[in-house]
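Engineer: predicted model follows, preceded by the sequence.
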Amino acid sequence: MSHQNEIIIKGLTQNNLKNVSLSIPKGKIVVFTGVSGSGKSSIVFDTIAAESQRQMNETYPSFVRGRLPKYEKPHVERIENLSPSVLIDQSRLGGNARSTVGTITDLYASFRVLFSRIGQPFVGTASCFSFNDPKGMCPHCSGMGKVMEVDVESLFDPEATWEDGMVNYGMFQQGSWYWKVYKQSGLFDTKKKWKDFTEKERNLLLYGAYEKNGKILDKHMEGIYNHISRLLLKRDLSDKSDTIKNRANELIKQCECPVCHGKRLNDAVLNCRINGYNIAEMGDMEFVKLREVLDGINDARAVTIIENIENTLTRMIDIGLPYLSMNREATSLSGGEAQRLKLVRHMGSALTGMIYIFDEPSTGMHPRDVYRMTELLKSLRDKGNTVLVVEHDKDVISIADEIIDVGPKAGRDGGQILFQGSYEKLLSTDTLTGMALQKKIPLKEKVRKPKAFLPICNASLHNLKNVSIDIPINVLTVVTGVAGSGKSTLIRDVFANKYADCVVLVDQSPITATGRSTAATYLGFFDEIRKLLARENGVDAALFSFNSKGACPSCKGKGVVVTELVFMDPVVTVCEECEGKRYNKEALSYRYQGKNIVDILNMSAEEAGEFFEGSGNAKIKKQINALKEVGLSYLSLGQPLSTLSGGERQRLKLAKDLNKKGNIYVLDEPTTGLHASDVGKVMKLFDGLVQKGNTVIIIEHNLDVMKQADYIIDIGPDGGSDGGEVVFVGTPQEMVDTSDTITAQYLRKDL
């Protein structure tokens, strides 16, 4: 094999990698395996992807470079034979309330052109069909499809009269100035209950007129609705107090725009049709139905554009997203769905010789759909590309041409290449990955019998078809079903909302925190560590904060210094004074049991557990134990939260909420990013939560998790409009014995 056919890496010491050298074959599917935190991502993302992007960016003129993302040079002696790379990760799709699946994939742009060419009656150019353009948007809601309204229901106590103070709003409380003005107006009966008011009387009180927007009868009485609307809706609240903002959140609700009914566009645009459908109606169709509608359009002017649209739709359907529609809001997509959408963009590309890099592409996929993903990976390879995949899923690992296993464990105990070779050979090794892949987990034999249930009645949100179901408490329930079947809608949106006062929702959304937040600050034990150091040395605890007195004077506690070079890339250098430690000399001179604050923050949870064993500080020990219990023993106490993966964030949130009693924990795919050998540990943890009297509900596709449930609820039968029904409830054994759902078939196969 000539060396041109391999990516050669020599002397790699990025993050926890221990001077690694390796050759990665090009033109193959190479899967990187190993426990979370072993160093896989350091090789694939922080080294190969970063260096490839960095060198690509250097080929552009400085004017363009200034507008491109910046990549640090990896800690490596040399890398040879890199190709340009495309990174397809799980970061949620950016965007705001105006971003939809159609705008992100550019499908909607193609439809705008289509309607401007052949839609009847003719409206104008493509921009007229955009809900983000003044020419196309609904004037009432500015193209949002939703408006903010004062929630009249929550304002009034139906059983109270004006004398009793029927209005639930400070300015109109009994005895207030406004209360007296309205009482003396003589426009309504002050001894009548709100529920007995006629529509005319209600309008007088709400709008000061006989109807909304009518002529106001008394200049001192503008109407309660108008008053609150003027104060809370028609002004910027960003500089107002939290009390006012919270009150606004209680009194104002988002509802469908009364003019366009959520369609976002103005009447002229909505009247323009092709074969009887307007652009908003096509935008609401699931992709399978949309493709059928396009097949029925016969117009010579539209042949090429329809062909392009249909190619994209077919890719979406093939990749397992047939249930999406163009109007689906981008913010409502899961990490796995977002990743598959990004992939569609690259599938039509004619480029070859590229490196495609995937971060756990099986995330959020039902076992039925994983093979679709693996077929895609193969087709990218067969076009002459190199495909690098970081993955824990057995079905994806098994299609690799070559596997590189990193380990042996996580953090400091990882960072070495343990194995490189075929899937068959990996199975006969004694690495954690090799052993986990061989292990068959049996069905749970002794399941807990649910004694009590919490009902959901007639749920019909999104694609749920009037679902009524009893959710068992004090047992471990797994809710499953193919992607898009409605399981998250049922559990996260309906159930968790209905029982919000006792549900702890632990999902993978980013932890809203600053760039300076760490595991120790998030779990709230950093203060305790600082107090220990302060007490030991008789100094102020603020000295041990890099945001306060302890900060290095040169870099202000950031650890790096950024030098702006006008039209060239800014140079980020490690601060010379503190050598990246963030603290000043005084803070670093104090020690606790022989270690200073930086040494302590650099410890993994595992090491810190032993270190603080004799400290007598219960809070530190409890939180460090929680980190270890959720499988984050390799995380260092000072690691910035911004560097955690979705699965790690979820487990960190779980650690924060661990030791509560009588709670209902709802977890959304908690095995994301977990090595097979850790899935068992996390399931043990969930089992322990149930033992303590909690309820655990897991939304999950992982078959090993289903096998260890007390109770399974399967939603289906398929995704999108073919989903939204409960197709099975019962124990894992009953599912295997009696059910014929898609999930049941795969569960049987896995035994």
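Structural biologist: That came through, no problem.

Engineer: per-residue confidence for Ala513?
Structural biologist: Note for Ala513: predicted pLDDT of 62.

Engineer: likewise Glu445?
Structural biologist: 90.

Engineer: and if you look at the one 4 residues further on?
Structural biologist: Note for Lys449: predicted pLDDT of 96.

Engineer: that one and Asn474, how far apart?
Structural biologist: Relative to Asn474, Lys449 is positioned 10 Å away (Cβ to Cβ, to the nearest Å). In short, each C-beta sits where N, CA and C put it, glycine included.

Engineer: try Asn278
Structural biologist: In this view, Asn278 and Asn474 are 51 Å apart by Cβ to Cβ.

Engineer: what of Thr100?
Structural biologist: Thr100 is 41 Å from Asn474, by Cβ to Cβ.

Engineer: just want to know which of these two has more residues nearby.
Structural biologist: Thr100 (24 against 18; other Cβ atoms under 10 Å).

Engineer: and that one, what pLDDT?
Structural biologist: You'll see Thr100 listed with a pLDDT of 93.

Engineer: residues in contact with it?
Structural biologist: Remark: with contacts taken as Cβ atoms under 8 Å, 6 or more residues apart in numbering, Thr100 is in contact with Tyr108, Gly283, Met326, Asn327, Arg328, Glu329, Ala330.

Engineer: identify the bridge partners of it.
Structural biologist: Beta bridges link Thr100 to Glu329 when assigned by DSSP bridges.

Engineer: what's near enough to touch Lys621?
Structural biologist: Lys621 sits next to Gly609, Phe612, Glu613, Ser615 when contact means Cβ under 8 Å, 6+ apart.

Engineer: only whichever of the residues you listed are buried, select them in ChimeraX.
Structural biologist: Buried members of the contacts of Lys621, defined by 16 or more other Cβ atoms under 10 Å, are picked up in ChimeraX with:
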select :609,612
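
Engineer: lowest-confidence one in the contacts of Lys621?
Structural biologist: Within these, lowest confidence goes to Ser615 (87).

Engineer: test my guess that that residue contacts Arg535.
Structural biologist: No. Between Ser615 and Arg535 there is no contact, the gap being 10.5 Å when judged by Cβ atoms under 8 Å.

Engineer: can I get stretch 172-184 as CSV, trimmed to CA atoms?
Structural biologist: Below are the C-alpha coordinates for stretch 172-184, written out as CSV (Å, rounded to 0.1, in the frame of the first residue of the first chain):
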residue,chain,number,x,y,z
PHE,A,172,-56.8,46.5,39.6
GLN,A,173,-56.8,45.0,43.1
GLN,A,174,-59.5,45.9,45.6
GLY,A,175,-59.1,49.5,46.8
SER,A,176,-56.5,50.6,44.2
TRP,A,177,-56.9,53.8,42.2
TYR,A,178,-57.9,52.0,39.0
TRP,A,179,-60.3,49.8,40.9
LYS,A,180,-62.1,52.9,42.2
VAL,A,181,-62.2,54.6,38.7
TYR,A,182,-63.8,51.5,37.2
LYS,A,183,-66.2,51.1,40.1
GLN,A,184,-67.4,54.7,39.8
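
Engineer: mind listing the strands for the stretch 201-350 of the chain?
Structural biologist: Under the criterion DSSP state E, counting those that start in this stretch, strands of the stretch 201-350 of the chain are mapped to 252-256.

Engineer: ok, Glu149 - contacts?
Structural biologist: Contact partners of Glu149, counting by Cβ under 8 Å, 6+ apart, are Ile252, Lys253, Gln254, Cys255.

Engineer: can I get the buried part of the residues you listed as one ChimeraX selection?
Structural biologist: Those of these that count as buried under 16+ other Cβ under 10 Å are selected in ChimeraX with:
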select :252
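
Engineer: could you say which helix or strand holds Ser488?
Structural biologist: According to DSSP states H and E, Ser488 maps onto helix 487-488.

Engineer: how far off centre is that helix?
Structural biologist: A distance of 14 Å separates the centroid of the chain from that of helix 487-488, by Cα atoms, centre = their mean, to the nearest Å.
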